[in-house]
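> Take this sequence and fold it.
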Amino acid sequence: MSNDTGPASSTPEHADDMAHADIGLVSALNIELAPFLLRCLTPKKYTGGEFTFRGGRYDDARVAVVESGPGFARARRATQALIEAHTPAYVVSCGFSGGLQPELQLGHIVMATAITDTHGHDMPLSFTPPAQLPSGVHAGRLVVVDEIVRTSEEKQILGERHDAMAVDMESLAVAQVCRDQGVGFMAVRVISDDLQTDLPPEIHSVLAATPGRRIGAALGSLWKRPASYKDLWRLREQAIYAAERLAKFLDGVVEQLYESIPSD
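Sure thing, here's the model as predicted:
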């Protein structure tokens, strides 16, 4: 498995440095990686500056996860904080995404071969996918946007305009920091809403809120539109399913990345 930038070499100092992580993961929301973290041994959680960090041992690999919150700027700062605090050899941008092509369904995985945005920036990645991908796994371009893409019509236009498989709000920021810092990078996304799915209007206020205020934002949405309960519950169930699928796929990703880290 190749990556866009080469991994930082492992050193003897890292072996004795408890803060060091072999693999770093950046996600916007805790729910995206909660099932994966349950697989880690000796899990730990701490707050560093404006971000929440979690991690532990995944077999022999040390894994550190930072919850960035939604959006480009926060993902950029979180990735910088992760690299400074934990010196990972690889960083993976992972989490939920919207499907932009009809063949992508809920729970399908997208591995990025390039990342673009709506402002004309384009970043090819040197990741080369296997010739034969498993069912439900895709490789292709991600497009990063400034705001949540909510409707099926918006997704279709975005996919056609940028020749993209899926959309998210953070991957390009993570990729740029890793490129600048010389850290290995991958983007792995799971489809949480497919091309035909319209997200409820309340998704904007719920996801835009800080972690401590998301419950309040959801309750406020219910007060304004009681029928949104069904929409938000369905979205939650889809998110849980997508996160479980992502956790299973990250099993192999973490294993292969760890095995590729130079021993000296």
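
> For the residue nearest to the spatial centre of the chain, give its distance to Gly120.
Computing the C-alpha centroid of the chain and ranking residues by Cα atoms, centre = their mean puts Cys94 first, at 1.9 Å. Counting by Cβ to Cβ, to the nearest Å, the separation of Cys94 from Gly120 is 25 Å. Every residue, glycine included, has its C-beta placed from N, CA and C.

> those strands in this structure, which residues are they?
If you assign secondary structure with DSSP state E, the strands in the chain sit at 23-27, 41-48, 51-58, 61-67, 90-99, 109-117, 122-124, 137-144, 166-168, 184-193.

> which helices and strands sit right next to the third one?
Here strand 51-58 touches helix 30-37, strand 41-48, strand 61-67, helix 72-86, going by 3 or more Cβ pairs under 8 Å, 6 or more residues apart in numbering; DSSP states H and E.

> and stretch 37-57, which residues are buried?
Neighbour counts using 16 or more other Cβ atoms under 10 Å place 37, 39-40, 51-56 of stretch 37-57 among the buried residues.

> One more: stretch 130-142?
With the criterion 16+ other Cβ under 10 Å, stretch 130-142 contains buried residues 136, 138-142.

> Which two of those have the greatest separation?
Greatest spatial distance among those (Cβ to Cβ): Gly136 and Arg141, at 18.2 Å.

> Can you give me the neighbour number for Ile261?
18 (other Cβ atoms under 10 Å).

> what's the spacing between it and Arg161?
Taken as Cβ to Cβ, the spacing of Ile261 relative to Arg161 amounts to 38 Å.

> Please list all residues in contact with Ile115.
The contact partners of Ile115, taken as Cβ atoms under 8 Å, 6 or more residues apart in numbering, are 122-123, 125, 141-144, 171-172, 175, 187.

> out of these, which one sits closest to Gln80?
After measuring the contacts of Ile115 against Gln80 - Cβ to Cβ - the closest member comes out as Ala175, at 12.9 Å.

> Leu250 reaches Phe36, doesn't it?
Yes. With contacts defined as Cβ atoms under 8 Å, Leu250 counts as touching Phe36 at a distance of 5.3 Å.

> Show me the shaky parts of the stretch 101-250 of the chain.
In the prediction, the stretch 101-250 of the chain carries residues with pLDDT under 70 at positions 202-229, 231-233.

> And the helices in it, which stretches?
Secondary structure of the stretch 101-250 of the chain by DSSP state H, counting those that start in this stretch: the helices cover 152-162, 171-181, 203-208, 214-224, 228-260.

> Report the beta-bridge partner residues of the closest residue to the residue nearest to the centre of the chain other than its chain neighbours.
Leaving out its chain neighbours, the residue that sits closest to Cys94 by Cβ to Cβ, 6 or more residues apart in numbering is Val188, at 4.7 Å. According to DSSP bridges, the residues that bridge with Val188 are Cys94, Met111.

> Contacts only, for Val188.
If a contact means Cβ under 8 Å, 6+ apart, then Val188 has 92-94, 109-112, 246, 249-250, 253 as its contacts.

> how about those in JSON lines, adding distance to Gln132?
Conversion of those to JSON lines gives the following (distance: Cβ to Cβ, whole Å):
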{"residue": "Val92", "distance to Gln132": "22"}
{"residue": "Ser93", "distance to Gln132": "25"}
{"residue": "Cys94", "distance to Gln132": "23"}
{"residue": "Ile109", "distance to Gln132": "15"}
{"residue": "Val110", "distance to Gln132": "16"}
{"residue": "Met111", "distance to Gln132": "14"}
{"residue": "Ala112", "distance to Gln132": "19"}
{"residue": "Leu246", "distance to Gln132": "21"}
{"residue": "Phe249", "distance to Gln132": "16"}
{"residue": "Leu250", "distance to Gln132": "20"}
{"residue": "Val253", "distance to Gln132": "17"}
